[in-house]
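K.L.:
below is the structure, and that's it, no one-letter string:
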């Protein structure tokens, strides 16, 4: 499979302290992949490298065949990578509609493109709250808004960093339902989440990080069948 995103031997750190030690990861067009590991194992740093917030000290990152490590975050976003960050980071003083249209663009060239109407159909709660300020939404509604805002850029790759963190069970299930729908549209996904039992259903392949290194990589069937991997590397 030709990779949409290819990470090869990436090393990175902060203030001279290394965090990643030769991480490899690949995502094909339309593929859903999970990045797993306990807190502090390098998942967020890997994401920061992908979206240009942290520059790797070694290795290469390619997107659509082009080398993007060293690009600015806005250039990477324009190339078709969208991040739903941990903590949502919506604009609290803008309405739902304003949040959604603020960065609307057709970057992925997909058909049909993501529009307000299509996002509202995916998240009826947002349609009902279109005029409400971001600060007036519940945590689950804010997460829906963060996902909808990312979709409005029409990305080729959607990265979700702890998209179900802190949500009530019903809202968490709603987010998983939506992620399944997005995957079936052919949108490539990179998901970081602690609910491994749901990730083995959503994603085709998984990479586990341990202290900044790839400790294991394989398919959903292998991960689902070997609970010792969960215990050794994920603490579940």
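P.N.:
Perfect, I can see it now. Note that the coordinates shown come from a computational prediction; the quantities given were computed from them, not determined experimentally. Residues are numbered from 1 along each chain as shown.
K.L.:
residue contacts, the residue nearest the centre of the chain?
P.N.:
With distances taken as Cα atoms, centre = their mean, the residue of the chain nearest its centroid is residue 159 (1.7 Å). Neighbour list for residue 159: 47, 50-51, 81-84, 189-190, 192 [criterion: Cβ atoms under 8 Å, 6 or more residues apart in numbering]. C-beta here means a position set from N, CA and C on the backbone, and glycine is covered the same way.
K.L.:
from these, pick the one nearest residue 174.
P.N.:
residue 84 (14.6 Å; Cβ to Cβ).
K.L.:
what sits against the closest residue to residue 70 other than its chain neighbours?
P.N.:
Nearest residue to residue 70 in three dimensions, chain neighbours excluded: residue 55, at 6.3 Å (Cβ to Cβ, 6 or more residues apart in numbering). Counting by Cβ under 8 Å, 6+ apart, residue 55 makes contact with 12, 49, 69-70.
K.L.:
for this structure, what's the longest helix?
P.N.:
helix 169-184 (DSSP state H).
K.L.:
could I get the full set of strands for the protein?
P.N.:
5-14, 17-27, 32-36, 58-63, 66-67, 81-84, 157-161, 188-192, 205-210, 213-219 (DSSP state E).
K.L.:
nearest residue to residue 138 other than its sequence neighbours?
P.N.:
residue 171 (7.8 Å).
K.L.:
what about that neighbour, distance to residue 38?
P.N.:
24 Å (Cβ to Cβ, to the nearest Å).
K.L.:
for residue 138, same thing?
P.N.:
28 Å.
K.L.:
again with residue 209
P.N.:
Residue 209 is 9 Å from residue 38, where distance means Cβ to Cβ.
K.L.:
same deal with residue 208?
P.N.:
With Cβ to Cβ as the criterion, residue 208 and residue 38 are 9 Å apart.
K.L.:
now do residue 6
P.N.:
Distance from residue 6 to residue 38, by Cβ to Cβ: 25 Å.
K.L.:
again, but for residue 226
P.N.:
17 Å.
K.L.:
still on that earlier bit, residues shared between the contacts of residue 208 and residue 38?
P.N.:
233-234.
K.L.:
around the closest residue to residue 60 other than its chain neighbours, count how many other residues there are.
P.N.:
Using Cβ to Cβ, 6+ apart and skipping residues adjacent in sequence, the residue nearest residue 60 is residue 8, 4.9 Å away. Residues near residue 8, counting by other Cβ atoms under 10 Å, number 16.
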